[in-house]
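> just coords:
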DNA sequence: AAACTTATCCCCCCTAAGGGGGATTTTTTG
DNA sequence: CAAAAAATCCCCCTTAGGGGGGATAAGTTT
């Protein structure tokens, strides 16, 4: 089944280039184009549209707002963000707005085809190129430890840690696990000893910073 | 050219499953497997290896450390992280360690093949599934803060919190701040009361999750 | 000046945490 | 099967944490 595509972009030149690329693509036909989000919503009200190729930054009604509206009014329409921006916030905003894919303008047409194939299967497509940007963000919790002491913990010990992190007492944990308080105390003592930590507060910090919760 | 693959994983069952999948895959042969990072480095020293399928969390020497070492010693070897973890920090750490791909264990073999094709081309492959996790992180918008309980804390109280997070006792903190132990105890009691927390462990969790450190 | 906040310190009392053992049973592993 | 590891429970004892007050001096606000 041929997919009806709407292109939304305020860059005339890019719009024409994309028109050419899509004209070479089978199973795809262009419904029309819009220079901003408002125009796009007007088009959607009048024509059958399957996919929207949406620029992120446009005047009047930007890609994020337009995508939110489209997903609200026409949930079946697939929206693919096509953008020059590869910054984290833009990507995240578009994803939260409900975009089904995210590709960069400087990637080739082969990537566009791959995106189409992925979205056709009902999956979400992200350009590999944007990932480098996303993943190079500074880490929230700076980690300096190289040796991972906690790999020596037993299953039971790892099970108890999240409960200690929650601030539960030994007795409360014991009741939860149907064992005696002494057992929990022993486990905690062993954990502290294995991780070479002074008290439970330090353990909570360690656990949260090493994703043991 | 047939690719020589080394599998590094401490889960025997998964290892065998992966062996089967790869035996069905053309242009690929398994050099061997290792149960942890150290073993992997030993294997790399003795055999020709093109690709490493690396589990992230393993005992003795985890995937992040092992990947760093591999990339340092054998830059030409492609490392693909294969993991159950889809949390942000793990992914980011592996990327920083130099991993050439990141796929989840619960994805099918078709994804593995896609990863191979992508990496064969010299590109980096990321599982689409992990992206949802990454992009659903809370967006850093300091403006739209709701009511934060800790905004009512005094300067002294905020000063004490990081010290409690470090696991210091009241006396240790008192010595650091040149006040009496009683003072620190009072401050901590006030903090717990203001934040409506049961004990210091819960406070540590709160502090780390709300960037009070 | 009166009211309020903060930081400082103290009291009593009780509970939870932590250090040092040891012992048993079950499970895992070589 | 035998050894090792893990999970379970107990003892004693000391220290730190936490709930309930209250008091004072210094500074700020109203």
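It's in. Keep in mind it's a predicted model, so treat the numbers as computed, not measured.
> where are the low-confidence patches of chain A?
A:11-14, A:59-60, A:84-89, A:105-108, A:128-151, A:211-213 (pLDDT under 70).
> give the residue farthest from the middle of it.
Note on chain A: the largest C-alpha distance from the chain mean falls to residue A:182, namely 43.6 Å (Cα atoms, centre = their mean).
> who in chain A is up against DNA strand C?
A:169-171, A:185-186, A:188-189, A:192-193, A:198-201 (Cβ under 7 Å from any atom of the strand). For the C-beta atoms, the positions are set from N, CA and C on the backbone; glycine is no exception.
> mind checking which of the residues you listed are in helices?
If you go by DSSP state H, those have A:170-171, A:185-186, A:188-189, A:192-193, A:200-201 in helices.
> near chain B, which of the residues of chain A next to DNA strand C show up?
A:169, A:198-201 (Cβ under 8 Å from any Cβ of the partner chain).
> just to revisit the earlier point, within the helices and strands, which one has the residue farthest from the centre of chain A?
Taking DSSP states H and E as the criterion, residue A:182 maps to helix A:181-195.
> next: residue A:7.
Residue A:7 is part of strand A:3-8, with elements assigned from DSSP H and E.
> and the residue of chain A found nearest DNA strand C, what is it in contact with?
Of all residues in chain A, residue A:199 sits closest to DNA strand C, with a separation of 2.7 Å (Cβ to the nearest atom of the strand). Residue A:199 sits next to A:192, B:167, B:169 when contact means Cβ atoms under 8 Å, 6 or more residues apart in numbering or on different chains.
> can you give me the strands for chain A?
Here chain A has its strands, by DSSP state E, at A:3-8, A:28-34, A:51-54, A:78-83, A:101-104, A:125-126.
> and the second one, which residues are buried?
When burial is assessed from 16 or more other Cβ atoms under 10 Å in any protein chain shown, strand A:28-34 yields the following buried residues: A:28, A:30-31, A:33-34.
> what's the angle between it and strand A:3-8?
30 degrees (axes from the mean of the first three to the mean of the last three Cα atoms, to 10 degrees).
> what about strand A:28-34, distance to the chain center?
Here strand A:28-34 is found 28 Å from its chain centre; the criterion is Cα atoms, centre = their mean, to the nearest Å.
> just checking: what are the partner strands of it?
strand A:3-8 (parallel) (DSSP bridges).
> residues contacting the partner strand, please?
So strand A:3-8 is contacted by A:15, A:18-19, A:22, A:27-37, A:39-40, A:43-44, A:47-55, A:58, A:63, A:66, A:116, A:120 (Cβ under 8 Å, 6+ apart).
> now the buried members of those.
Of those, these count as buried by 16+ other Cβ under 10 Å: A:15, A:18, A:22, A:28, A:30-31, A:33-37, A:39-40, A:43-44, A:49-55, A:58, A:63, A:66, A:116.
> residue A:81 against residue A:103, yeah?
Yes: using Cβ atoms under 8 Å, residue A:81 is in contact with residue A:103, at 7.2 Å.
> name the residue in these two with the higher neighbour count.
For residue A:81 versus residue A:103, the count of surrounding residues by other Cβ atoms under 10 Å in any protein chain shown is larger for residue A:81: 28 against 22.
> for the more buried one, give me its contacts.
With Cβ under 8 Å, 6+ apart, residue A:81 has these contacts: A:54-56, A:63, A:67, A:91, A:94, A:99, A:101-103.
> also near DNA strand D: which of those residues, exactly?
Applying Cβ under 7 Å from any atom of the strand to the contacts of residue A:81, none is adjacent to DNA strand D.
> which residues touch residue A:30?
A:4-7, A:19, A:22-23.
> out of those, what pair is the most spread apart?
For these, the farthest-apart pair by Cβ to Cβ is A:6 and A:23; their separation is 14.8 Å.
> name the residue in those two with the higher neighbour count.
Taking other Cβ under 10 Å, residue A:6 and residue A:23 do not tie; residue A:6 has more neighbours (24 against 10).
> partners of that one in the sheet?
With DSSP bridges as the rule, residue A:6 is bridged to residue A:32, residue A:52.
> ok, now how distant is it from residue A:24?
Here residue A:6 is placed at a distance of 18 Å from residue A:24 (Cβ to Cβ, to the nearest Å).
> residue A:58 now?
Residue A:58 is 25 Å from residue A:24, by Cβ to Cβ.
> equivalent analysis for residue A:57, please.
Distance of residue A:57 to residue A:24, computed by Cβ to Cβ: 27 Å.
> which of the two has more neighbours?
Per other Cβ under 10 Å, whichever of residue A:57 and residue A:24 has more neighbours is residue A:57, with 13 against 9.
> run through the residues that contact residue A:189.
Counted by Cβ under 8 Å, 6+ apart, residue A:189 has zero contacts.
> now do the helices in chain A.
Counting by DSSP H, the helices of chain A are A:12-23, A:37-46, A:63-73, A:88-97, A:109-120, A:128-135, A:155-165, A:170-177, A:181-195, A:200-209.
> out of those helices, deepest packed?
helix A:200-209 (a mean of 23; mean count of other Cβ atoms under 10 Å in any protein chain shown).
> which residues touch it?
By Cβ under 8 Å, 6+ apart, the surrounding residues in contact with helix A:200-209 are A:141, A:143, A:150, A:161-162, A:164-165, A:188, A:191-192, A:195, A:197, A:212-213, B:164-167, B:200-201, B:203-205, B:208-209.
> got the angle between that helix and helix A:170-177?
With the same axes, to 10 degrees defining the directions, helix A:200-209 sits at 50 degrees from helix A:170-177.
> test my guess that residue A:62 contacts residue A:38.
No: counting by Cβ under 8 Å, residue A:62 does not reach residue A:38; the two are 10.6 Å apart.
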